[in-house]
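**Q** Quick check, what structure comes out for this input:
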Amino acid sequence: MSSPSIQWYPGHIAKAERSLKEQLKRVDVVLEVRDARIPLATHHPEVDGWIGEKARVLVLNRVDMISPEARQAWQTWFKENGQAAYFTNAKQGKGVQNLLRAAQDAGKAMNDRRKKRGMKPRPVRAVVIGFPNVGKSALINRLLKRKVVASERRAGVTRQLRWVRISNEIELLDAPGIIPLKLNDQSAALKLAICDDIGNAAYDTQRVAAAFVDLLLGLDQVERADGGYGDAIAARYSLTLVSDAGEPYTGESILANLSARHNNDLERAAHQLLNDFRKGILGNLILELPPMESSVVMSSTSHG
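**A** Residues are numbered from 1 along each chain as shown. Take a look at the predicted model:
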């Protein structure tokens, strides 16, 4: 199997992007939500240009799916690059109050300027943006402490922009997931597919599952103190990762071995592999290491 080519840009995203750029003029603070397992792949390359000088709060959601060591490594890396990263688990509400305070603090400068001009303060206007399925709607529901916007673990649920008031201090704009018109970085596109952050019509499940295993085995080249990602797969499915001749198996051959338990149904095996990762059954695995990171423990595997 060759490496899959992945492109996905449904019509509603193009429309939402136009509306979002228009609404950004009215916004004081931008909450940019990324997937903690792939913090770089879930950064839209055009967002920096759209935001300009506006205050930004960086949110890394799904902190429950990465190890404490990975969190610390990314926190350090972002800090060294001039950004504070707020880690959240929108599903459970972890880290959400810190995020709310950060958004209010970031918008304070706007009301300070209004005060100087003799104007009354108004609620801070914040927008939540990010790729599809990174947890934006779940985050908004947590901020509101009630379910106001539809939230499902699949891409493309939110399709229109809408304002919701959190309190007298802050209003939030819920925006549909945005994605580049063309996914030029195919290694990033692959990670989006593995993490279910783009629609499944965009990719071939078997190819992505095989590439996922290859990616994990590649990450194992990084020094670890607690064994590697390959160990998580080997233990979970009772598979060997090397042939009798001592040659390492590829993702494709490991997928074929796994399919033997599903009547040689490769599609079913591929779905199992990806779903086990997406549900955290393979353990706390991330798919990206901070650039130049070489000796930090990045995984905490659980074999159940």
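**Q** what's the spacing between Arg56 and Asp28?
**A** Between Arg56 and Asp28 the distance, using C-beta to C-beta, to the nearest Å, works out to 11 Å. Placement of C-beta: from N, CA and C, glycine included.
**Q** for Leu219, that is, sorry about that
**A** Leu219 sits 39 Å away from Asp28, taking C-beta to C-beta as the criterion.
**Q** How about residues contacting the lengthiest helix in the chain?
**A** For the chain, the longest helix by residue count, based on DSSP state H, is helix 96-116. Helix 96-116 is contacted from outside by 28-29, 31, 55-57, 59, 84, 86, 88, 90, 120-122, 124-126, 139, 142-143, 166, 169-170, using C-beta atoms under 8 Å, 6 or more residues apart in numbering.
**Q** Among the residues you listed, name the ones in helices.
**A** Short answer: the contacts of helix 96-116 in helices (DSSP H) are Leu139, Arg142, Leu143.
**Q** Could you rank those by neighbour count and give me the top one?
**A** Leu139 (28 neighbours; other C-beta atoms under 10 Å).
**Q** Nearest residue to that residue in space, please, no chain neighbours.
**A** Spatially, and ignoring its direct neighbours in sequence, Leu139 is nearest to Ala90 (4.1 Å; C-beta to C-beta, 6 or more residues apart in numbering).
**Q** Could you tell me which residues make contact with that neighbour?
**A** Asn61, Arg62, Val96, Gly135, Ala138, Leu139, Asn141, Arg142.
**Q** Which single one of those residues is nearest to Trp8?
**A** Gly135 (18.4 Å; C-beta to C-beta).
**Q** and that closest one, what pLDDT?
**A** You'll see Gly135 listed with a pLDDT of 88.
**Q** Give the burial count for it, as a bare number.
**A** 24.
**Q** Quick check: it vs Arg34, distance?
**A** Separation of Gly135 from Arg34 (C-beta to C-beta) stands at 10 Å.
**Q** Find residues that contact each of the two.
**A** Asn61.
**Q** Any stretches of the chain with poor pLDDT?
**A** For the chain, the stretches with pLDDT under 70 are 1-4, 9-10, 146-160, 220-227, 293-304.
**Q** Can you show me the strands along it?
**A** 29-35, 55-61, 85-88, 124-130, 162-165, 170-174 (DSSP state E).
**Q** Identify whichever of those strands lies nearest to Pro290.
**A** strand 85-88 (10.9 Å).
**Q** any idea how far that closest one is from the chain center?
**A** How far strand 85-88 lies from its chain's middle: 12 Å, per C-alpha atoms, centre = their mean, to the nearest Å.
**Q** same question, stretch 8-28
**A** Distance, centroid of stretch 8-28 to centroid of chain: 19 Å (C-alpha atoms, centre = their mean).
**Q** Likewise for stretch 27-38?
**A** With C-alpha atoms, centre = their mean, you get 9 Å for stretch 27-38.
**Q** likewise stretch 192-202?
**A** 11 Å.
**Q** Distance of the residue nearest the centre of the chain relative to Leu139?
**A** Ranked by distance to the mean C-alpha position of the chain (C-alpha atoms, centre = their mean), the top residue is Asp35 at 1.6 Å. Counting by C-beta to C-beta, the gap from Asp35 to Leu139 is 12 Å.
**Q** ok, back up a step: can you point out the buried residues in the longest helix of the chain?
**A** Buried residues in helix 96-116, defined by neighbour count with 16 or more other C-beta atoms under 10 Å: Val96, Leu99, Leu100, Ala102, Ala103, Gln104, Ala106, Gly107, Lys108, Met110, Asn111.
**Q** can you check stretch 187-200 too?
**A** By neighbour count on 16+ other C-beta under 10 Å, the buried set for stretch 187-200 is Ala188, Ala189, Leu190, Lys191, Leu192, Ala193, Ile194, Cys195, Asp196, Asp197, Ile198, Gly199.
**Q** Would you mind giving those residues as JSON lines with distance to Tyr249 added?
**A** What follows is these, written out as JSON lines (distance: C-beta to C-beta, whole Å):
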{"residue": "Ala188", "distance to Tyr249": "25"}
{"residue": "Ala189", "distance to Tyr249": "24"}
{"residue": "Leu190", "distance to Tyr249": "19"}
{"residue": "Lys191", "distance to Tyr249": "22"}
{"residue": "Leu192", "distance to Tyr249": "25"}
{"residue": "Ala193", "distance to Tyr249": "22"}
{"residue": "Ile194", "distance to Tyr249": "19"}
{"residue": "Cys195", "distance to Tyr249": "23"}
{"residue": "Asp196", "distance to Tyr249": "25"}
{"residue": "Asp197", "distance to Tyr249": "27"}
{"residue": "Ile198", "distance to Tyr249": "28"}
{"residue": "Gly199", "distance to Tyr249": "30"}
